[in-house]
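K.L.:
Sequence and predicted structure below; questions after.
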Amino acid sequence: LFESVGFIGLGNMGSRMASNLFKAGYKVAVHDINQNVMQKFSDMGVDTKRTPFEVGEASEVVITMLPSSSHVDHVYTGPNGLLHGGHLLRPWLLIDSSTIDPQTSRKLSATVSNCILKERKDNWEFQSPVMLDAPVSGGVLAAEAGTLTFMVGGSEEAYLAAKPLFLSMGKSTVYCGGAGNGSAAKICNNLAMAISMLGVSEALALGQSLGISASILTKVFSSSSACCWSSDTYNPVPGVMGGVPSSRNYDGGFSPKLMAKDLNLAATSAEDVGLKCPLTSQAQKIYTGLCQDGYENKDFSCVFRHYYDGKNE
Ligand code: NAD
């Protein structure tokens, strides 16, 4: 359905996702405020644009992969942004893959659907442009390998139309319902992951103190009711399994800095809907503390160390 794809935000994740689209044969136009990465894409033969608006003018669909809600809001509604000029839009579909709060996703989706299409496309059933929120699970390695999982909110028809694009950058997609539900799914997934990593770390630390090795306790978890990803796939204790950040001094992986960001989004969203989430606040405090202690660029499973650094009083 789509031939020309715009991509805005060529950082750790976006540069790899945009490269995969380019390799898949899409006509790609990109923009980033970082001139070095723009030069890199230009050297690869990719069309580089000076503003988000210019990307939109050159593309049928535009994907954004930006640090946070304020950046996405700026790229959409700021000067020379995707929606510059207010109503007449060239792209039919706008996809935001950044991890942001569902409230901002919903607000932008409503703003986009109030715009008018500059030209109609025969096989595009919508009268106005459409926005999908489609954040991803999987870090830089999954972005590089094209094995991300996309969780998508917005119109189901637009999701089905965009699926081939997602599958050029990822291995699976989950349709989550209306606008903002992709963003909601992402922050809830990471909230559960943050807390389960803490739960497993705390139990393994207590087990060790009681004289059981982390390897044996992990075996018990794997065949019992504590079985979960944090224990059997991404174990936080050095030496229990190979190929995970804990086996290489917690280098690579998903940083406490990004985890703290996602927990802040969860805490703000919980406050917005008036739901008390005590474990969210506790996890937020612990992962933010890791960042303050200088671990902000290690993998988040280094939270296990927290039980040995005297930080858990
Ligand atoms: P990053 O900081 O490496 O990249 C962001 C890019 O956006 C940078 O190149 C920056 O120059 C660009 N940018 C910032 N403001 C801009 C603007 N106004 N116009 C154009 N470009 C602008 O971030 P990342 O690690 O690639 O993460 C991107 C998003 O994906 C975040 O929301 C993050 O939470 C989410 N995410 C990251 C990971 C991960 O492991 N890194 C995993 C899943 C989701």
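P.N.:
Great, that's in hand.
K.L.:
Enumerate the residues of the stretch 1-150 of the chain near the ligand.
P.N.:
8-14, 31-34, 37, 65-67, 71, 74-75, 98-99, 136, 139-140 (CB under 6 Å from any ligand atom). From N, CA and C alone the C-beta is placed, and that goes for glycine too.
K.L.:
Could you tell me which of those residues count as buried?
P.N.:
Among those, those buried by neighbour count (16 or more other CB atoms under 10 Å) are 8-10, 13-14, 31-32, 37, 65-66, 71, 75, 98-99, 136, 139.
K.L.:
Just the residues of the stretch 1-150 of the chain next to the ligand: which are in strands?
P.N.:
Within those, residues falling in strands by DSSP state E are 8, 31, 136.
K.L.:
Would you convert those into a markdown table that also reports pLDDT?
P.N.:
As requested, those are exported to a markdown table (pLDDT from 0 to 100):
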| residue | pLDDT |
| --- | --- |
| 8 | 98 |
| 31 | 98 |
| 136 | 98 |
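K.L.:
The longest helix belonging to the chain: which residues count as buried?
P.N.:
The longest helix of the chain (DSSP state H) is helix 181-209. Across helix 181-209, burial judged by 16+ other CB under 10 Å covers 181-187, 190-191, 193-201, 203-205, 207.
K.L.:
Could you check the pLDDT of residue 120?
P.N.:
At residue 120, the pLDDT value in this model is 81.
K.L.:
can I assume it sits in a helix?
P.N.:
No: Residue 120 is assigned coil when assessed by DSSP: H, G, I helix; E, B strand; the rest coil, not a helix.
K.L.:
which SS state does residue 63 fall under?
P.N.:
strand.
K.L.:
quick one, phi psi at the residue nearest to it when sequence neighbours are not counted?
P.N.:
Nearest residue to residue 63, sequence neighbours excluded (CB to CB, 6 or more residues apart in numbering): residue 95, at 4.7 Å. The phi/psi pair for residue 95 (degrees, to the nearest 10) reads phi -120, psi 120.
K.L.:
ok, residue 95 - contacts?
P.N.:
61-64, 131-134, 162, 165 (CB atoms under 8 Å, 6 or more residues apart in numbering).
K.L.:
tell me the angle of the helix or strand containing residue 158 relative to helix 181-209?
P.N.:
Secondary structure from DSSP states H and E places residue 158 in helix 156-169. With axes from the mean of the first three to the mean of the last three CA atoms, to 10 degrees applied, the angle from helix 156-169 to helix 181-209 works out at 50 degrees.
K.L.:
Could you list the buried residues of helix 156-169?
P.N.:
In helix 156-169, the ones that count as buried by 16+ other CB under 10 Å are 158-159, 161-162, 165-166, 168-169.
K.L.:
And the ligand, is the following helix or strand past that helix touching that?
P.N.:
Remark: after helix 156-169, the chain's next helix or strand is strand 170-177, criterion DSSP H and E. No: using CB under 6 Å from any ligand atom, strand 170-177 never reaches the ligand; the gap is at least 11.3 Å.
K.L.:
pull the CA atoms of strand 170-177 into PDB?
P.N.:
In PDB, the C-alpha atoms belonging to strand 170-177 read as follows (Å, rounded to 0.1, in the frame of the first residue of the first chain):
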ATOM      1  CA  GLY A 170      10.000  -6.200  13.600                       C
ATOM      2  CA  LYS A 171       8.900  -9.800  14.000                       C
ATOM      3  CA  SER A 172       5.500  -9.400  15.600                       C
ATOM      4  CA  THR A 173       2.700  -6.900  16.100                       C
ATOM      5  CA  VAL A 174      -0.200  -6.800  18.600                       C
ATOM      6  CA  TYR A 175      -3.300  -4.700  17.900                       C
ATOM      7  CA  CYS A 176      -4.300  -3.100  21.300                       C
ATOM      8  CA  GLY A 177      -7.400  -1.200  20.400                       C
END
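K.L.:
mind listing the helices for the stretch 1-150 of the chain?
P.N.:
Secondary structure of the stretch 1-150 of the chain, counting by DSSP state H, counting those that start in this stretch: helices at 14-23, 35-43, 52-57, 69-77, 102-113, 140-145.
K.L.:
can you list these in a markdown table and add distance to residue 217 and mean pLDDT?
P.N.:
Output for the helices of the stretch 1-150 of the chain, formatted as a markdown table (distance: least, CB to CB, whole Å; pLDDT from 0 to 100):
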| stretch | distance to residue 217 | mean pLDDT |
| --- | --- | --- |
| helix 14-23 | 36 | 98 |
| helix 35-43 | 44 | 98 |
| helix 52-57 | 50 | 96 |
| helix 69-77 | 40 | 97 |
| helix 102-113 | 37 | 96 |
| helix 140-145 | 28 | 94 |
